[in-house]
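A.B. asks: Please work out how this folds:
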Amino acid sequence: MRGRLSGWKGSLVAVLLGILIGVGAMLAANGYLVRSYLLDHPEVLPEAMERLRTRETAEVLRRNRATIETPFHGAWAGAANADVVMVEFFDYACGFCRASNPDIERLLREDPRLKVVWREYPVLGPNSEQASIVSLAAARAGRFRQFHDRMFANAHPTPESINAAREATGLPQPQLSPDFEREIRRNFELGRLIGATGTPTWVIGDQVLQGAIGYEALKAAVAAARER
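C.D. replies: Numbers count the residues shown, from 1 in each chain. Next up is the predicted model:
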């Protein structure tokens, strides 16, 4: 009896080893075929990498969406209960941000279900930083759009143009407060997470878009987010 059991166990082990060897050979063959295919068709690699980045970006946005889409006080416009939120990371010294401002205005006029949130991202020097501080003060005072539009009506932020826009908006000279410092640090951290390489950077639905992409591309991104 013991001999028969030993023989049965030995047979089972042999069968399992055979299966494992067969699976290993199959995987090795498949791996070779995959490698050969990729070598023969390297054009599929960028598409695969893009799909991977898209999935990773969507996951980052899912985890951080509430923070990204929550404005600093009054730094937003449009529908309070929007079905799509478009977030712009911007710099007042950025010509591409200035060029995109009319596109945002048009979208807000045409789309009553859209909300736009602006996030300060002062990456272009000391004047950008100073303008962002005044902008945050304007947002806290409920006068963000007035200051924002006046700044983008100018060619470039300077101490004089920042001060003129501040006075025209009816704001006192702001001091650098912990709230402002925290907000700017938060925006830089969010920018790092989403891979922002400059301004403007847009977050619309599950997409992160870079640059002055124009009205049509922004509208299409909003429509895609609404469909999802």
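A.B. asks: mean confidence for stretch 178-186?
C.D. replies: In this model, stretch 178-186 has an average pLDDT of 96.
A.B. asks: same question, stretch 208-227
C.D. replies: Rounded mean pLDDT across stretch 208-227 is 97.
A.B. asks: Show me what counts as buried in it.
C.D. replies: 208, 210, 211, 212, 213, 218, 219, 221, 222, 225 (16 or more other CB atoms under 10 Å). The C-beta positions use only the backbone N, C-alpha and C, and glycine is treated the same way.
A.B. asks: Identify the residues contacting residue 212.
C.D. replies: When the contact criterion is CB atoms under 8 Å, 6 or more residues apart in numbering, the partners of residue 212 are 96, 97, 99, 100, 200.
A.B. asks: Can you pull the phi/psi pair for the fourth one?
C.D. replies: Here is the backbone geometry of residue 100 (degrees, to the nearest 10): phi -80, psi -20.
A.B. asks: for the residue nearest to it when sequence neighbours are not counted, helix, strand, or coil?
C.D. replies: Using CB to CB, 6 or more residues apart in numbering and skipping the chain neighbours, the partner closest in space to residue 100 is residue 212 (5.0 Å). Secondary structure for residue 212, judged by DSSP: H, G, I helix; E, B strand; the rest coil, is coil.
A.B. asks: likewise the one 5 residues further on?
C.D. replies: Using three-state DSSP, the structure places residue 217 in helix.
A.B. asks: Leaving out the residues flanking it, which one is nearest to it?
C.D. replies: Per CB to CB, 6+ apart, closest to residue 217 is residue 209, 7.1 Å.
A.B. asks: Which strand or helix spans that neighbour?
C.D. replies: Using DSSP states H and E, the element containing residue 209 is strand 207-210.
A.B. asks: just for the chain, where's the confidence low?
C.D. replies: 1-54 (pLDDT under 70).
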